[in-house]
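Undergrad: Need coordinates for the following:
(one chain, ligands or ions: 1)
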Amino acid sequence: MARAWHLKSRPSGMPTDENFELKDIDLPQLGDGMVRVRNRWLSVDPYMRGRMNDVKSYVPPFQIGEPLEGGAVGEVVESKADGLAPGDLVLHMSGWRDEAVVPARGVNKLPDLGVEPQKFLGVLGVTGATAFFGLLDVASAKPGDIVFVSAAAGAVGSVVVQLAKAKGMTAVGSAGGADKCDFVRSLGADQVVDYRAGPVLKSLAAAAPDGIDVYFDNVGGDHLDAAFALARNNARFAMCGMIAGYNDPNPASFRFIMRIVAARIRLKGFIVFDFQSRMDEFYREMGQLVASGAVKAQETVVEGLENTPDAFLGLFQGANTGKMLVKL
Ligand code: NDP
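TA: Purely as a prediction, here's the structure:
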């Protein structure tokens, strides 16, 4: 018997506890090529909010009455699969539960990089790879660029700030509140924007008086509009996410959108899985940066499977600094 969080109903606007239900589930018999995994760490991520809606996207929606899914790191406790043995630590997508039986092809043994296992859900996982490929490939950021990144105290944003500094760029990060801005500064950011203290446009104009070459968008809304306003000619925008709109049924409008034309801004959306085939390159470079201390991995840890929805909902209230994780 295992316990798994299920989608009880679809939210409209901000989800509530009512949308989730923790239920006992029977695990299937362990067939050939399968492993039983006891989860140790669960990832909660903003994109899961989109999966709670019944809409077509790059990942299918969660189904009412069915278990939720998400990234997880667990320990193999039983195996009928070649190459996987009890005790192996693995990364897989059967999160939001304590135990799972999964096919070996859906499981990746953690690379031996000498770091704690939960790092593969954060700085050395999806969020780190999003920062790495989004900044260096999608935005083609290069030394000397002035880089603005929103949600800079979060999982992706905090890595963007550190990578920008490690690569010789100027980093301007926005976050909500003085404590988070101090944290962003501690990561090496040259300037910070506290979007809760006043209009983003005004603060960004003061923080980047010469404008910006790159915008790494995690937030959308007023942050994106401010970035349009302050973009230098030929600026590159990596369109990563727009969390400000995930629970908002009325999409933002943009006062400065015509700047795309005048400043020849290049906007490119991306999904981190586009870079799946380049994960070796990511592990090599990011593994070194993490091991040397050049990139630090801040985490906010919520304990206990029963608190997983709270951890998830906390993402939309700024409850996390760095990667939000659930420890089982
Ligand atoms: P974070 O760790 O950054 O957590 C979310 C943070 O967003 C919060 O801590 C909060 O920080 C900030 N936030 C929440 N609501 C708002 C709001 N209304 N306005 C401004 N800021 C807000 O999450 P991730 O790093 O995992 O994700 C960051 C972004 O990247 C998301 O948009 C996500 O969807 C996207 N993403 C995209 C991927 C891709 O492949 N394209 C892959 C992974 C993530 P604060 O306290 O500062 O407000």
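
Undergrad: next helix or strand past the helix or strand of the chain with the lowest mean pLDDT?
TA: Every helix and strand of the chain was ranked by mean pLDDT, DSSP states H and E. The lowest is helix 279-291, at a mean of 93. The helix or strand immediately downstream of helix 279-291 is strand 299-303, counting by DSSP states H and E.

Undergrad: buried ones in the helix or strand following that following strand?
TA: Next helix or strand after strand 299-303 toward the C-terminus (DSSP H and E): helix 308-314. For helix 308-314, a neighbour-count test (16 or more other CB atoms under 10 Å) marks 308-309, 311-314 as buried. (C-beta placed from N, C-alpha, C; glycine too.)

Undergrad: just stretch 293-305 next, same as before
TA: Buried-residue list, stretch 293-305, by 16+ other CB under 10 Å: 295, 297-300, 302, 305.

Undergrad: From the ligand, how far out is the spatially closest residue to T130 that is not a sequence neighbour?
TA: In space, and not counting its chain neighbours, T130 is closest to V272: 4.4 Å by CB to CB, 6 or more residues apart in numbering. Separation of V272 from the ligand (CB to the nearest ligand atom, to the nearest Å) stands at 4 Å.

Undergrad: Now render the buried residues of stretch 293-305 as JSON lines, adding distance to the ligand and pLDDT.
TA: Shown next, in JSON lines, are the buried residues of stretch 293-305 (distance: CB to the nearest ligand atom, whole Å; pLDDT from 0 to 100):
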{"residue": "V295", "distance to the ligand": "14", "pLDDT": "95"}
{"residue": "A297", "distance to the ligand": "12", "pLDDT": "94"}
{"residue": "Q298", "distance to the ligand": "10", "pLDDT": "95"}
{"residue": "E299", "distance to the ligand": "10", "pLDDT": "97"}
{"residue": "T300", "distance to the ligand": "8", "pLDDT": "98"}
{"residue": "V302", "distance to the ligand": "13", "pLDDT": "98"}
{"residue": "L305", "distance to the ligand": "20", "pLDDT": "98"}
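
Undergrad: what's the burial count for the residue of the stretch 51-200 of the chain found nearest the ligand?
TA: Per CB to the nearest ligand atom, G154 is where the stretch 51-200 of the chain lies closest to the ligand, at 1.9 Å. The burial count assigned to G154 is 31, neighbours taken as other CB atoms under 10 Å.

Undergrad: again, but for the one 5 residues further on
TA: Applying the criterion other CB under 10 Å, we find 33 residues in the vicinity of V159.

Undergrad: cool, and S174?
TA: Around S174 there are 31 residues (other CB under 10 Å).

Undergrad: And it, how far from N234?
TA: 22 Å (CB to CB, to the nearest Å).

Undergrad: Tell me the spacing between the residue of the stretch 51-200 of the chain closest to the ligand and N218.
TA: With CB to CB as the criterion, G154 and N218 are 7 Å apart.

Undergrad: Phi and psi next, for the residue lying closest to V55 once chain neighbours are set aside.
TA: Spatial nearest neighbour of V55, excluding adjacent residues (CB to CB, 6+ apart): P61 at 6.4 Å. Main-chain torsions, P61, degrees, to the nearest 10: phi -70, psi 150.

Undergrad: just use 8 as the starting number from now, easier for me
TA: With 8 as the first residue, the last one maps to P68.

Undergrad: Can you read off the pLDDT for P68?
TA: Note on P68: pLDDT of 97.

Undergrad: which stretches of the stretch 58-207 of the chain form strands?
TA: Assigned by DSSP state E, counting those that start in this stretch, the stretch 58-207 of the chain shows strands spanning 79-86, 96-99, 106-110, 114-116, 153-156, 177-182, 198-201.

Undergrad: what's the most buried one of those strands?
TA: Ranked by mean neighbour count under mean count of other CB atoms under 10 Å, the strands of the stretch 58-207 of the chain are led by strand 153-156, which reaches a mean of 30.

Undergrad: just checking, what packs against that strand?
TA: helix 162-173, strand 177-182, strand 219-224 (3 or more CB pairs under 8 Å, 6 or more residues apart in numbering; DSSP states H and E).

Undergrad: one more time with 10 Å, if that's ok
TA: On a contact count with 3 or more CB pairs under 10 Å, 6 or more residues apart in numbering; DSSP states H and E, strand 153-156 meets helix 162-173, strand 177-182, strand 198-201, helix 207-214, strand 219-224, helix 228-237, strand 238-246.

Undergrad: Out of these, which is closest to G57?
TA: Closest to G57 of the helices and strands packed on strand 153-156 is strand 238-246 (CB to CB; 14.6 Å).

Undergrad: Quick check: the gap between the residue lying closest to L120 once chain neighbours are set aside and the ligand.
TA: Closest residue to L120 apart from its sequence neighbours, by CB to CB, 6+ apart: G294 at 4.4 Å. Here G294 is placed at a distance of 19 Å from the ligand (CB to the nearest ligand atom).
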